Every structure is written in C-alpha cells, then in structure tokens.
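Visitor: below are the sequence and a predicted model for it; my questions follow.
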There are 2 protein chains.
Amino acid sequence: MNIPCSRALIYTDWTLIEPHFDPDLLHARETVFTIGNGYLGTRGSFEEGYPHALAATLMHGVYDDVPVVYTELANCPDWLSFVVIVDGERFRLDRGEIIHYERQLDLHHGILSRSVRWRSPDGKTLDLRFERFASLANQQVLGLRCQITPIDCNGTIEVQSSINGYPENQGFDHWERLDQGKTEHGVWLQVRTRSTRIELGMAAAMTVVGTDAALQVTNTPGYPTLTTTFLATAGQTVSVEKLVTVFTSQETERPVQAAQDKLASLPTYAMLLDAHQRAWCDVWQYSDIEIGGNTTAQLAVRYNLFQLFIGAAPHNDRVSVPAKTLSGLGYRGHIFWDTEIFILPFFILTQPAIARNLLTYRYHTLNGARRKATHGGYKGAMFAWESAATGDEVTPRWSMPNDPYAEDVRIWCRDREIHISADIAYAVWQYWQTTGDDLWLRDYGAEIILDTALFWMSRVEWNPKQERYELCGVIGADEYHEQVNNNAFTNRMVQWHLEKAVAIYEWLQQTFPDTATALAQRLQLTSERLQRWQSVITQMYIPYDAKTGLIEQFEGFFQLKDIDLSQYEPRDRSIQIVLGITETNQRQVLKQPDVLMLLYLMRGTHAFPYRHDVLQTNWHYYAPRTDITYGSSLGPAIHAILAADIDAADMGAADPYAQFMQAALVDLEDTRGNTGDGIHAASAGGVWQAVVFGFGGIQLKDSGPVATPHLPLTWTRLKFKLHWRGTWHSFDLSPSSAQARNSQVPAIQGFIFDLDGVLTDTAEWHYRAWQRLADEEGLPFNREANEALRGVSRRESLLHIIGDQPYSEAALQTMMERKNRYYVESIQNLTPQDVLPGVIELLDELRQAGIKIAIGSASKNARTVIEKLGLADRVDAIADGYSVERPKPAPDLFLYAAAQLGLDPSHCVVVEDAAAGIEAAIAAGMWTIGLAPAVSGASPEEHRVGAAHIVLPNLMGVHLTDLQTKLSQCLKEGFHP
Amino acid sequence: MNIPCSRALIYTDWTLIEPHFDPDLLHARETVFTIGNGYLGTRGSFEEGYPHALAATLMHGVYDDVPVVYTELANCPDWLSFVVIVDGERFRLDRGEIIHYERQLDLHHGILSRSVRWRSPDGKTLDLRFERFASLANQQVLGLRCQITPIDCNGTIEVQSSINGYPENQGFDHWERLDQGKTEHGVWLQVRTRSTRIELGMAAAMTVVGTDAALQVTNTPGYPTLTTTFLATAGQTVSVEKLVTVFTSQETERPVQAAQDKLASLPTYAMLLDAHQRAWCDVWQYSDIEIGGNTTAQLAVRYNLFQLFIGAAPHNDRVSVPAKTLSGLGYRGHIFWDTEIFILPFFILTQPAIARNLLTYRYHTLNGARRKATHGGYKGAMFAWESAATGDEVTPRWSMPNDPYAEDVRIWCRDREIHISADIAYAVWQYWQTTGDDLWLRDYGAEIILDTALFWMSRVEWNPKQERYELCGVIGADEYHEQVNNNAFTNRMVQWHLEKAVAIYEWLQQTFPDTATALAQRLQLTSERLQRWQSVITQMYIPYDAKTGLIEQFEGFFQLKDIDLSQYEPRDRSIQIVLGITETNQRQVLKQPDVLMLLYLMRGTHAFPYRHDVLQTNWHYYAPRTDITYGSSLGPAIHAILAADIDAADMGAADPYAQFMQAALVDLEDTRGNTGDGIHAASAGGVWQAVVFGFGGIQLKDSGPVATPHLPLTWTRLKFKLHWRGTWHSFDLSPSSAQARNSQVPAIQGFIFDLDGVLTDTAEWHYRAWQRLADEEGLPFNREANEALRGVSRRESLLHIIGDQPYSEAALQTMMERKNRYYVESIQNLTPQDVLPGVIELLDELRQAGIKIAIGSASKNARTVIEKLGLADRVDAIADGYSVERPKPAPDLFLYAAAQLGLDPSHCVVVEDAAAGIEAAIAAGMWTIGLAPAVSGASPEEHRVGAAHIVLPNLMGVHLTDLQTKLSQCLKEGFHP
C-alpha cells in the first residue's frame, strides 16, 4: 500500500505533490507545474525531455507572427535542457524503470523539485533530485540543480547542460539563430524572432559540487552545451548546478551582452535561491489567503493565486496577462476581457502596482484599438477582442479543420463581441475607486474611458420607431448566441460606461482642467457631443421587465426553444458540441453567465439592475440553463459568488461551494480536459473573487472594505489582506453567527466506502462463487445464508459455510483459493457499467468539496475491482484484504484507511452495507452510513445496517449537503461518531 | 578586371558557374544549385549555414499535415551540416573576407562544388573546397567532401559534421525526434513526422584524409555530431569526407536500422562518387539535347533537363513531380497538371519507365479522386487540382494575409479548375500511344480514363433550350477568369476525353475482354451509360465560329472590356496585381494560353480544332492579350512552340526564340523573382517540348517520330534521341534548307557597347566638365569643339583643347585630374532614369537570346557609371580606361572586351556613337552599329559614324531580329566585319 493507487495529486497547506508519474497526464501536469516570475513562465516539463513533451518558456511581449491567428507568444529557447548519461545510458523516464517518483511544487518559496529513483535498462540504479526556480528577486536569472546519487553501482556520469535554441510552438520555430559562443563563465546563444525581430540573449553556466570534474563546451549549431564527465561512487551525491540568464531587446539594446555580463556577475546558486525564497515570502505577506479546516481548498486557492501572480509582469506596463498566463500555448498568448473582469480584482486589492501595469497596457494599445475602430468605420477606440503586442485585433477569422473536405468555421467574436471596450472601462473605474490613484486616471485611464466612449457613440443605433438607442448584431458575454440584438449585458455595460465617462470628464474638468482641455481637443469632445452622451445614457434600451424583475438576455431570447440540461447528463463535453453550433444558437442555453454576469458586475457598485429580488428571479431562470460544467471556465466562480448571495433555502440546485471547487480545481484536477493548453487564468481570478467577495462577503464601502462572511461548512477560518486607498485592511474571519448556529455540523474530511454492495454489486458475484464451491463440496448454502457473509472476511465466510464439517487447514486453504479463483474469474468482466447508480456523482461531489476518499474493503481483490470499475482516479487510498490482520468487525481496516488519508477517525464517514462493517466503523469512532435495500416489512432498525447513523436504500441522488444536514441532526440528537 | 563585374552566372556546355557570392541572390541560387537523384532533392545551401538560408532536403512522398494548405513535403533532417572552425573562429561567409569564390554545378556528373578563399576576422587565410552529390547509383547515399588548405598560417582546425534534426518548413518543424546514438561507423538519428508518422532514419560517417585526427561523438539532442580536431599546416590540404545514408518507412520497416546497416557497408567516398558519375553519364546517353552554336541555350536546356530528371522518382510509382520539384517549398510539394501536360512528354519520350511511374501515381490516388467526386456530389473520380500523398484535394481554400484587417482571398481552383481530370486522361493516352504499353493501359490507365469519364458524365449539364451539353462554373487553363461557362479548353478536352474513353473501352473489349468485363462491373459501365457518352461527345458545346475560325475562350469572353497590354509597360508584376482580381476578371486578358493551349494539345493529335489557319486566327487574337511575361510561367514555352508553327512573316510581335529563352532562363536568371520558391518544373518541361516539338518540329506519326526542323538563328546543330514504341530514334538536325538560304546571317554571340552617348548621355556631363576646365584656364572651347572629343581618351581630349599652349606634363596631369573631379562629382548623381530609351529592352532581349554583353568605354569611370545606372546585372564584362594602353581608334579596347567574353571578334557587334569607336571596332574585325542623332541636312554617311555597318538614330525600339536582318543584308552586299 505504499504506492499511491491513484493518479491524484496530494495537497498540503503549501505544497502540491505528485506522487506518481503518469504519461497520460503529461501535458496537463506540465501546465500544473509551471513556474515563473512575471517576466517569464516555464512549463513543468522534464529537464531530460520526454516524448511529445510540450516544453515551453514564454516571455511577456515576445510575440511573433503566425498564420491564421496572426501573432502568438513565441516559445523561447529552452533553458532546462539537462541530460544525464550513466555509463552511456541516457536517463529518460520512458526507458528503464521508475522505482520512486515524487514531484513537489512549493508555493511558498516558488520552487519546483522532483525526486526519482531510476533503474537504467542495463540495471544501474540511481537517485536524481532536480530543483528549479525562476528568480523572483532577479527576474533575468534562472536556476536549476540536479543531485545525482548512484545507489548500487559506481559509474561514469556525463552531464550535458544546454541552451536549446530550437524551441517550438506546436512545430513552429519562431527563431533565427544569429550567433553563439562561449566565455570563461559559460556558453551563450543569440536569437531573434523571425517577423517581429525581437532579439533574445541567453547565457548559461554550470558548476559541479562534490567531485572534481572538468567542463567542456560543445557549440553545436543552435544548441550550445556545457558537458562534464565524472566518476560517481555508490552512495555519494554529486550536485550539478546550472544558472541561466536571459534578456530581450525589449529591455536592453544588446541582450546577448547583457546576459553574458549578468552571468559573469552572479553569486552562488545557494545565494540566488535564498534571495528568491525571501522575495516569495514578501509576496505572500500581502497576497496570501489562509483557510482553516480544509487543506484541499487551502492548497487550491494558494495554487490559483501563485499562478496568477507569476503570470503578471511587475516591471512592464506594455504587457498583460494572457488567457492562459505564460503557462501554455492555448489562445496563443492573446489577452481577453479575462484580465480586466476576472483577474484584475486580485491585483487591484493586493498588488496595486501590478494592476496599474495591466491597465496601462490597454493605454499603450489604444492606437491599435483606434485602428480597429477606423477599419470598422467607427470613431474613437474599439478594443480588440483578442489583443497582443499592438492592440490590433488578433482574433482568428476562422477555425480551420485540416480535413480537406471539412468546412471552415467563422469565428465572429472579433467582429461582434464588442463588450470588451466597456469591460476595460469598468476595470479602469474599479482601479481608480479602490486605489484613489488620481494621477494615473488623469494620465492614462481617462483617455481609455473617453476614447472608448467615443467608439460607443458611433456604434449605437437610434431606433426611431421605438425611440431608443440599441446595439445590434453583437455577441454578449454568453458566446453560444453569435448574433443578437440588444444584449442586456452589453447594453447596460455601455450605458454604465457612458455614465462613468461623463463623470470622469466632469471630474477632470474640476480637478485637472488643463488635462480636460487637452483631451477634449485631442479627442474632439465638443459640448454637443457630450450632451448626446447623456441622451444615449437616458435612452439606451435594456430588456428588463420591471414587473417580473426578469431581464431578457437579448431581444427574442425567451422565444427560443427551451432546454432541460439534465436530459443531456451524463456528458463530458459542452452542449455546443452535443447539439452543434446552429442548434445551440437557437436554444435557451448559455455557455456562461450573461444576465447573471451583469448582476455580478453591478453587485459591487449596487447599480441597476442589481437587487436581491432581481438576482433571485434571474438566478432561478438562468442558472439551470447555463452549461456551467463544460461551457466556459469563466462561469463557475461567478455562479459560486452569486449563489452565496442567495438565501440557502432558496438556492435550488445551486451549491456555491461545489461550483467554487469546480473553479478552484479546474487545472489541478484537469476537470475540463484542456489544462494541457495552460492555466485557466480567469477561473483563477474568479476563485480569488469567490473567496473574498463570496465567502468573505467583502463589500467596498466608502469607509473601506467590510466583510460579511459566510464561510463554507468545512472552513474554520478565512484570513486575508486587502489594500484599499493606500491602507492595508486585514481580515481574519470565522464562521458567521448564522453559521455558528450550525457549528454542530460535523467536520467531515474523508469518506471510506465499502466496496461490495456499496460501489458495485460484487456481493452477487461473491455469492455465486460461494454457491459454486458449496455445491461442489455438497455443503448446504443459499442466498439467505449468504446474507450473513456481508462484510465478512473470506476465511470467516468459509468457516460459516462449512459449519462444523471437519476440514483440514490445508483443505480450507484450497477451498478459499478455489472460491477466490471463481470470483476473480468473474470480476475480470467488470466494467464501469457495473458501478452502482449515484456513486460517480457522489464521488465527484466529494472530491470537488475537497473531501478525501478511501476504499475500506475486506476483499483481497479490491484493487482489481476498483480498476475494472474505472474508479482508480477518484480514490485517494485503498485499504483491502492485505492491509490489516484483523477483519471487520474489528475497526482496524477503517483506522488503516483513515491513516492513509491522514485524517482523524472522527472526521471520517464510513459507507457500508453490512452489519459487521457498521460495527467496525463505530468501533473506529467514525460516522456511519448504512445502505439497506428497502425490504418490505422490515424497518431500517431491523436491517443488517440498523446501527448506522444514517440509513439509505442506496447512493442514488445522494448529495453531500443532505448527508451533512442529516449528520448535523444526529449531532443535535446527541449522537457522535 | 579579374573580379567579375556582374552577378550573372557563367554558362559553359555542361557546367554552370557562379563566379561571385551575392547574399541578395541567396534563396534563388539555393534553388538553382539544387542537386538530387529522384529520391530526394537538396537545395544548394551552404554546408556551414548562412543567415536566413532556406536549406532543404525534400523527399518524395514525405508529406505531413499543416494548417490551411493541408499537407506539405516535410523538410527532412539536414545532412549537409558541416562546420569548420579555425583557431576558434567559425568559417562563415557573413564574417571575415571572401577573397575568392566560385561555385560550379557539373550537370554531366551531378556534382556541386564550391571553392572559397576566406580570410577569418583575425586574419588567417585558407582555401576550402566543398563538393557534394546525391548518389544516382545508390539513392539512399549522400556524399560531401571538404578540402581544407591553410594559406598563410598553421592552426587548429575543428570540424563538426552533423545530422541537423531541426529542419524547418519556413519555421515549421515537422519532426518528432525519437532517438539517436552512435555506432562504430558513425552517428544516427531517428525521427518521425508529427501527423503522418513517417519514420526516417539517417546515419553519418566521417573520414579525415591527409592527417591523423581522432573522431569524437557529441550526441546533442536532435543534432548528433562527429567532431574532429587537427593541426593544419600552411599549404597542406586535409580532406574531410562525410557519407550519409537515409531511409524512410516508405521503403523499409526499420529505416534507422537500414541507415546504419547501409552506412556500415559503404565503400569509399571515391568509389561512391565514381559510380554516381557513371550513372549520370548513362542518363545523358538518352536524355541529352545537344545544341551547337549557342552555349547559353545549350547550358540552359541541359540545366532544365537536369532539374526535371532529379525531380522524378525512378523507383517509386506512388509519387509524382511537385510543381517546384524537390527544390523548394513553393506550392508545398503539391502536384498539379504541370506534371501531365508539361513535364511528362520529356519522360515519355526519353525515360518511359519514369513516365509510367508518374502516371501510376494517379492510379494509386484514384481513391482520393473518388472521395473528392463523392464530396462534390458527383460520380466516378474527380482528380484534385492540387494532389499529394492520397489524391485528396489539398488546394488551400484561402490565401490569408497576416494583416489582421486584410480580407482573406478565396482560392477557387479546388472547386472549379476541373480540367485536370481530362489533362490526366490526355497524358495517359499520349503515354500509351507513344510507348505501346498495352499491359499498363489494361492494368492502370484504362481505369483512370474510364472512372474520370464517369465523373464527367455526372458533371456535364444538358441545356434543353440550346440542346447541347455544357460545363458551367469552371476555371479554364487561364486562371484570370475565375468562374466561366463553357470554357473552350475544358469543354473540348472533356469531349476528347470521352472520345478516348469510348475508344479504350472498345479496345479493352477486343483485346482484354476479361478486364473489360471486370472493369465494367466495378465501375458500373452499362451499355446505356456508354451510349450516353456518345451523345455527350456529339452534343458538347464548343464556342467555335467556323466562319471566322475564332474560338471564344468562354461564353461572353468577347463581351468583356478589351485590353492593350502595351499600355501597362514597363511593369514587373502580373496584370492581376496591377488591376486587381475583380477588374482582371472583367477584361480580355489571359494569365496563360487557354484557346492556344488547346490548339497546342490538339496539334500533336491533329484533332479539331487544330488547323493552321485556325491557329493563325486565334494566335493573332489571343497572343497580344496574354500576360506572357508575368502571368503564368507555363505560358512562354507553349507560345514559343506555336509561334514556331506560324509563318515568320505573319508572326506579328511574336518571337519564338525570345519566348523560348524566357522559359529556359526563368530560374537561372530568376526572371520572375520567385526562383527562391523552387524550380519552375512545368516551364522546364515546356523547354524540352519547345526544343523537340518546336525547333525540332517533331511530329509523332504512325511510322515514328519525324522532324521538320526550324532551328533558331544562332543554332548550328540540334541533336537528341526519342524513344518511340520500343525503339530509339536519333536526331541530328541542322538548319533547314529554308534556314540555309539565310545562312548568311552573321553568328552574333556578343554585343559591346560604348557608354557615353550610347547607353547614357554622359557625353553632356563630360562636355560640361571640359567646358568648366577650359573656362577656368581661359582656353577656347564650346559644344562644337566638343564634338571632336567623342570616343577620345581623356589625355587626347585635353591635348585637343589646349592646342599648342605650352603646359608642363605636371600641369596636364593636374588638369586631367581636375576635369575628372568635376565629372566624377556630377556622375554621382546618375540614376537608372539616366539610361537612354530602348537600352534596357535591348539588353534584356540580347540576354534572353543568349548573347553576351560587354561595355567598351575609354572612360576610367565606366564601372561607376554602370553601377549608378543600375546596369551591372545586365553586363558580363567591362573594358574601361584601365583595361588597355592604346586608346580608340586602336582596336585594343574592343579586342580586350571580346576576350573577356570569350568570343571571336567576328562574332561581336560594337555599338558606338563616335567615329574613333567605329574605326576601332572595324580595326578589331567586328560588326558595327553607329548611333547618330538625325541632324537635318546631314546624311548618315556624312555623320561621324558614317563608316558603321548599320547607322541608327538611337536604340529606341531596336530589336535583335531587326539588327540580324540588317546585318544579313550587309553580308549579302558583300560587307564583312
């Protein structure tokens, strides 16, 4: 039981642990283990390489041209390249044998490490420990260390430490290799992007500690390499340290010289690592969120903040956070509304200097936005839906399948998803309101807001019949509807934008009249024009029914064919894929919140249409029609916050915590299957907002931020800081008084499931095996007699069947083996179809709630069964017939399982279908749930599981909240685990 | 005068020489110096690399997926990579100094070599001679040798000989690197294409001859390298030989093993080279064309045949010749009608086994053609306009500019340019007729013809009103018109195709009845269907006016707005680019012959509508409306052949020889500016056809091929072989009797131009300089006096001006320097605008006719003037004031120029504007042309150039043919040079 049974990650407060290497998860885990420093990001690919690895180091602003999608972040030269050769055999995880493997990401100190015990194909065993960091103290410095310890052999070790000048963007190499060479400190490489001609210089040094070894330089074209060879002795560790420096022509005129100079001036690896760790401690001083009572949530939240932080540039105001940060090639490094609406609040309230950089990027791309407006025949600045270096529109026009007969699909967002300009204005306003940074607003923000307002004035249409202003032919926040008129989200955001534009212009006139005059002249803001702004504000059409409080997503939405999403469950893809683009367009189904997104954005400002009753009404209408699981990853966090606003009793199917965890674990658990493309940065930003605005209930009042906490059930503490108008505000929240009343809710942290009869019906297969044995032996046995064997060990069962027949111990052994053979033969035929109804849903819900899961089964075949059922990924530990000596009803098996999960027994719930199991669980001091098929005439108490705290017929439709409610009831009634 | 003055190539009978390295021509010359063996092609990139080089090794069939254009030939690992390092300084042509450079392509033996004398940045000089070949005797073997000789130093030489596993297709790397390693024979690399999963193994060995040197292996990831280091001594040559083997999974299951085994079994470099040369001699035995009297034409023709031959696979019938052969990335390695219509005749008539392979490729891609038909809603097989491995349509749908606001342009050829299916049928028929290969027709060809006929039957439309069959919505051979109805070319080719399909089916029924039955069953050829074929044949509409003999290119063509192409001259781009796609569509302008192309194809078969008078009529209509210079490169050769058919007197502006040379030199001279993308293979095929069918006048009669030669004026002999129905027919043609009458035409091989007053008007600048000097000195001088200085040296001029004034020799020197300073100051302002009218056109015409060009000017500034005028590229040699001692009228200067051109004086024409020059030319035994502005009252005889053979006012509108006619007249009148 020492080898982890699942592919799951292990979560501790600060460290993410991957206990096992699974090639199937290669790309997702490369994303998950991304490190960075806001200057560059490096995916968690292995130093030695791996077939089909998607290694990448991405740097802010290093865009280069590419067909169809116009521009993308160029994968930069790979600084990791590090090959270890043992007696001529190259260390690689796809050869030889992995005896031990563990990878750790230490979020607190920004260090990624990996320990591997590897046996080479010719039988030599060695330990390798890799460690890497992208210095936060010194953004152009990268460090890598490999500690090599032969275990059972002496041998020649050769290490090749290179700069790989052939990085690729899915096959495309953006670089021209200009020059390379060596200095007394190491090797260097000079490259330049093909089209944008951004130059990059990288230099690398290598130091060997623990043995004498000479360094050699090989200047293979494009691949400068430092090589060392030494004799290694069993049990003795040699460390090889690699330090790398990197500069681009964005910071300095001669990057390759800067890289060489920097390399020459570096202190030791240890000193650099120390400075790096101290820098990370400083970051967490301000940006950490501490969660008590739930390690999964704690780690997941910190993980999301870590990824956000390393994705944003601290020293560069001409770049922003790409939708997939610098962690993957998805969306080509393009920048969306994700930054302003989802990611920015975290930075505004904990790292305002970075927030300012991100918004200043939009200022610097105003000329691109103006070109886009001009091209479309509009005035002012129309921000790009997808933006990169210049701010020009870089959304691809087409999604092009490579099948020569398939049709190209037009992507309309570039033309129609215009709300981005209002989203940016919204973020400018939020930044100003929160920070009070008047000078920035004067110098940058005002121009953004006013010139985009000018765009809106050329984009709105006057409908003379209805006497109102309209916006037609748009895509709203919900992208399932590709051409709509008067989208509520867009229209209201534009109206709000114009309101704020008027306010800011008035403020400017009063506070900085010179700036106001200069801007008015430059942007041609005449008083006639400003007057027309006011009439657009007044007469903008918002499809809102004041009587019902219902907002129509766009004109005609309510006339579309309705949908019942439950009819499409279970599914593992979006509704758009299930139904097709056209059909989805014609249905009342949403990819992501639209009206609800509007309510969320107005929630903080308390502006129309946000009102509690309006939220209730629209929530009930739209939430069930939103494809929250496989639609946009932007949705779940927003749903979680709004759901937290709604009275619990009135919540319907909404479970804010489940939706929150869906967002928090989207990459760690790869729940959408696309983590390989990079971190879901907007979701990560949403997670911060859900914790602070949702569970913390923070509202930004004029007097400062105020908390109204409603913590999730398992959370005992929530602690964070916010920076508001120059001052830090610390929050250390406990469950609210309302929650305090419910504090009798048991703190459930783990579930232990019996296998037979609970997760699957192998009880039947066992019965048949025993029956066959009994028949062959001429022993009396039947279904009724079999009932007594539930939860009982194999030996006990056999003894029960033979009764007082005289069998020798040897004969007993043979019979047990026979029965087992019959059984094992039958269970080979098990498939995921054999999982009992409700099990998968409950397991997923538990996982999303951060609750750990174990199997506690007397069967020696438990592992096989779990694998055949396809449940291995959903289980954190297995206690089986091999785990302990004493069978149920002894508590040992469950205690073993709890220990494997690292949990106190009192925080565990056992689900059993046998009296012996319930008895064992109670003896272990755990909560118990007994499953008993409804047998006519028998009350639960009379059942075999009558002693359980909760008795259910089966797991169908069972939700965690129900179980928690029932266990609370038990607690109130004086029962304890 | 030893350094060649121009960037031009030097042509000898068998060897192409590049005497000078010009980085501006890098990509074009990489194409020009492509070598290959029908298995692979390797561009002429330098072994040591060069910035922005487009190095490529392309292999038949090694396609991989790529966006937008679906599939492309993957650039294969680079076997050339060879780095020479002298005392730490890497040999590269963009550093240090090139003291001597010469590259040679020996067509006779298929060997590319390069000699460089290079001085390193730190002043060490060495000679390097590179040589390479792709073995024709053993297609998986490649050889490279570098001979290194230090000139003025001893030093440490390091050589890195690698397999570069990071090849790229304009940035895209198609390869996964699977493994690499070393054996006792060398290093190896195993890679696989990303999508199509074609595996490739390459192995390399290195041998050092001439010194003791140990080899080292460095296995840098993806870049296995053999390194050697040795001490080199001044004057002593060390040779490094590199042998490479390559296999793909198309030929063998384990290519990397095959490459290693092959490498282990190789004989020496010298033995391999010898076998390779012998194999090339064999090829020329059959495929050579020998041309007497014109070295340029001789080399150009052989060059085109060489490139055709290395582009076709001798041992693989699942590939064909891409539009750019294996010499460049243009058109992505896709296969067009170029192969069947332009290239195939060369192979059918000189290498029929290869021709069979090329056609069998179409058989193997029938399933792709069937998929295309099915996808379009048709029956049978519809061949792809662009075809690759499978025969599925791979024409890109869009031409996508990378400007985010530019519109994507739809490429309609995939949908509409349907004549390809008839073109293939045409080629099948030609192959069968020429070879008599009945078995191939039975097993392959018949199915191609019949299944494409079925496609036509589902594609034609019955027009009930007109009672005729039509083909609407097509693109014909002329691609300037993108959607037309009843294109004459297409309709007639389809009709012809159906005629032949009926004939072949009948032949099959008689000759191979079993095959006929089987095919009929498989293709569902019912007798009803066959009957309908006949009615389509009878009732197919061809827009031909029997009264006028004029064929309308398509319905409504004559209603389009007409064009006068001369109004757009001069231009350096196509009319489509000048006018735009839409406007061009609406004009009577052709990208390439369409009706004339049809006449050409029917010419050989003597089928409708080919008749001499029909050709005359349509030639006069269509030739002037065809964008022959910058439209399609497929056009010129075809025009050349048809023009040769037309009575010379009736030829109009057509000059078959000029158009022929335009085709023959399209890559050598890069006349279309896109040679960097690869060889114009169809043009090369057209060149062979123009020589054989045009100038040789070959017609394939039932008794065999018959020649009716009409050789170009300068050709004294034309010799070639043709393989017809199992027998070789040799032709050794001389000028025909008609030509014999004209044999008094002087064999002009070179033109020598005076500069001042001939190519530009610097006479005026000289006059002003002399006038200034005279004025300053108080000497009498004026325009009239200046006339006497024409063609006179500086010293003689000065002596003339000073008359009998007593000046010391020192004073004379100073005055000459002063005058020269005045003059040189003024000529710095010369630009190409200062070239006299008609000069550029005549120089280009001469070059295209293979006539060499020199400058013969007394001026010491001639070189500067030529450069300022932008004429350096158009000139082969310069004789100037530094070249000889004795000035004109001594013949020395012109004799010197003729020697530089390698010509006998009697084959040279001097163009002069001064009496002294004419006198000098006559003394040199050359033909003379005198330029004399028409002065009223003065007869030419009275002119300063009155002694010239021809006197012209200037070069405006002067054509070579006119000059030849006039010189012939001189000859008849008893004049000689």
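Guide: Arrived safely, thanks for sending.
Visitor: correct me, but A:Phe230 touches A:Gln216?
Guide: No: if you go by CB atoms under 8 Å, A:Phe230 and A:Gln216 don't touch, sitting 12.0 Å apart. (Glycine included, C-beta is placed from N, CA and C.)
Visitor: neighbours around whichever residue of the stretch 751-900 of chain A sits closest to chain B, how many?
Guide: Nearest residue of the stretch 751-900 of chain A to chain B: A:Asp873, at 27.9 Å (CB to the nearest CB). Neighbours of A:Asp873 under the rule other CB atoms under 10 Å in any protein chain shown: 16.
Visitor: look up how far B:Gly549 lies from it.
Guide: 79 Å (CB to CB, to the nearest Å).
Visitor: A:Arg768 now?
Guide: According to CB to CB, A:Arg768 stands 93 Å off from B:Gly549.
Visitor: for A:Ser113, same thing?
Guide: For A:Ser113, the distance to B:Gly549 - CB to CB - is 86 Å.
Visitor: what does A:Met815 give?
Guide: Look at A:Met815 and B:Gly549: by CB to CB, they are 104 Å apart.
Visitor: more neighbours: these two, which one.
Guide: Neighbours were counted for A:Met815 and for B:Gly549 using other CB under 10 Å; A:Met815 has more, 20 against 16.
Visitor: and the average pLDDT for the helix or strand containing the more buried one is what?
Guide: Using DSSP states H and E, A:Met815 sits in helix A:809-827. Averaged over helix A:809-827, pLDDT sits at 87.
Visitor: buried residues of that helix, list them for me.
Guide: Within helix A:809-827, the residues that count as buried by 16 or more other CB atoms under 10 Å in any protein chain shown are A:Met815, A:Met816, A:Lys819, A:Asn820, A:Tyr822, A:Tyr823, A:Val824, A:Ser826, A:Ile827.
Visitor: so who does the second one touch?
Guide: Contacts for A:Met816 were tallied using CB atoms under 8 Å, 6 or more residues apart in numbering or on different chains; they are A:Arg794, A:Arg795, A:Leu798.
Visitor: surely the first one meets A:Lys860?
Guide: What it means is A:Arg794. Yes: with contact defined as CB under 8 Å, A:Arg794 counts as touching A:Lys860 (7.2 Å).
Visitor: shared neighbours, the two?
Guide: Common neighbours of A:Arg794 and A:Lys860 (CB under 8 Å, 6+ apart) are A:Asn820, A:Gly881.
Visitor: quick one: which of these two has more around it?
Guide: Neighbours were counted for A:Arg794 and for A:Lys860 using other CB under 10 Å; A:Arg794 has more, 22 against 17.
Visitor: report the contact partners of the more buried one.
Guide: Applying CB under 8 Å, 6+ apart, one finds that A:Arg794 lies in contact with A:Met816, A:Lys819, A:Asn820, A:Ala858, A:Ser859, A:Lys860, A:Gly881.
Visitor: per-residue pLDDT of it, please?
Guide: pLDDT recorded at A:Arg794 is 84.
Visitor: now A:Gly856
Guide: Model confidence at A:Gly856 (pLDDT) stands at 93.
Visitor: could you do the one 3 residues further on as well?
Guide: Model confidence at A:Ser859, given as pLDDT, is 85.
Visitor: same question for A:Ala644.
Guide: According to the prediction, A:Ala644 has pLDDT 81.
Visitor: tell me the contacts of it?
Guide: Residues in contact with A:Ala644, defined by CB under 8 Å, 6+ apart, are A:Pro656, A:Ala690, A:Gly694, A:Phe695, A:Gly697, A:His710.
Visitor: which element is it on?
Guide: Using DSSP H and E, A:Ala644 maps to helix A:635-645.
Visitor: and the very next helix or strand once past that helix, what's its mean pLDDT?
Guide: Following helix A:635-645 in sequence order, the next helix or strand is helix A:656-664 (DSSP H and E). The average pLDDT within helix A:656-664 is 88.
Visitor: for stretch A:160-179, same thing?
Guide: Averaging pLDDT along stretch A:160-179 gives 96.
Visitor: circling back to that earlier point, counting by contacts, list what the next helix or strand after the helix holding A:Met815 packs against.
Guide: Beyond helix A:809-827 on the C-terminal side, the first helix or strand identified by DSSP H and E is helix A:839-848. Counting by 3 or more CB pairs under 8 Å, 6 or more residues apart in numbering or on different chains; DSSP states H and E, the packing neighbours recorded for helix A:839-848 are helix A:656-664, strand A:852-856, helix A:960-972.
Visitor: need the ones you listed in JSON lines (columns: distance to A:Leu893 and mean neighbour count).
Guide: Shown next, in JSON lines, are these (distance: least, CB to CB, whole Å; neighbours: other CB atoms under 10 Å in any protein chain shown):
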{"stretch": "helix A:656-664", "distance to A:Leu893": "29", "mean neighbour count": "27"}
{"stretch": "strand A:852-856", "distance to A:Leu893": "5", "mean neighbour count": "27"}
{"stretch": "helix A:960-972", "distance to A:Leu893": "22", "mean neighbour count": "16"}
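Visitor: indicate which one of those is closest to chain B.
Guide: When the helices and strands packed on helix A:839-848 are compared by CB to the nearest CB, helix A:656-664 sits nearest chain B, at 31.9 Å.
Visitor: next one: the helix or strand following the closest one to chain centre, how far?
Guide: The helix or strand immediately downstream of helix A:656-664 is helix A:681-689, counting by DSSP H and E. On the basis of CA atoms, centre = their mean, to the nearest Å, helix A:681-689 sits 9 Å off its chain's mean C-alpha point.
Visitor: who's in contact with helix A:681-689?
Guide: A:289, A:300-301, A:304-305, A:307-308, A:311, A:321-325, A:336, A:338-339, A:341-346, A:633-634, A:636-638, A:640-641, A:660, A:663-664, A:666-667.
Visitor: perfect, that will be all.
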